[in-house]
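Q: I would like the atomic coordinates for the input below:
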Amino acid sequence: MRKSLTWIACCAVVAAFVGGPEAQARPDYLKAFNAAYPTLKAEAETAKCGICHPEEKKSVRSDYGKAFGTAVGEKNVKFATDEKKLTDALKKIESEKSATAGKTYGELIKEGKLPK
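A: From the prediction side, this is the model:
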């Protein structure tokens, strides 16, 4: 009986790791942001995913994150192969209005602030 419970517990642990949800991290997007805006690198490294995701729940995106996703046009673009595509998307949304009254994303970046 004890061996059976041990096996069941082991199988449950393995199933949790193997069958769990796949990570959806996009570290290449942070690389692109840092390359495009080197003056904000320290702030970006602290904020990390929070640049586009204002909450811990990564399915929630800020207006900036939504604009960037729309400008990129596809999911999980790689920095190593498509750096220009990511940089172009970042530059394209600089002229869009931010959540800060009267400011565009580009104006916030020029002021040394992360877009929101």
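
Q: in stretch 96-115, what's buried?
A: With burial defined by 16 or more other C-beta atoms under 10 Å, the residues of stretch 96-115 counted as buried are 96, 98, 103, 104, 105, 106, 107, 108, 109, 114, 115. Quick note: C-beta positions are derived from backbone N, CA and C, even for glycine.

Q: among these, which two are most distant?
A: 96 and 114 (14.8 Å; C-beta to C-beta).

Q: alpha carbons only: can I get stretch 108-116 in PDB?
A: Extracted in PDB, the C-alpha atoms of stretch 108-116 (Å, rounded to 0.1, in the frame of the first residue of the first chain):
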ATOM      1  CA  LEU A 108       7.900  59.600 -22.100                       C
ATOM      2  CA  ILE A 109      10.900  57.700 -23.300                       C
ATOM      3  CA  LYS A 110      12.700  60.900 -24.200                       C
ATOM      4  CA  GLU A 111      12.000  62.100 -20.600                       C
ATOM      5  CA  GLY A 112      13.700  59.000 -19.300                       C
ATOM      6  CA  LYS A 113      10.500  57.300 -18.200                       C
ATOM      7  CA  LEU A 114       9.100  53.900 -19.100                       C
ATOM      8  CA  PRO A 115       6.000  54.000 -21.300                       C
ATOM      9  CA  LYS A 116       2.700  53.200 -19.800                       C
END
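
Q: state the mean pLDDT of that stretch.
A: For stretch 108-116, the mean pLDDT works out to 94.
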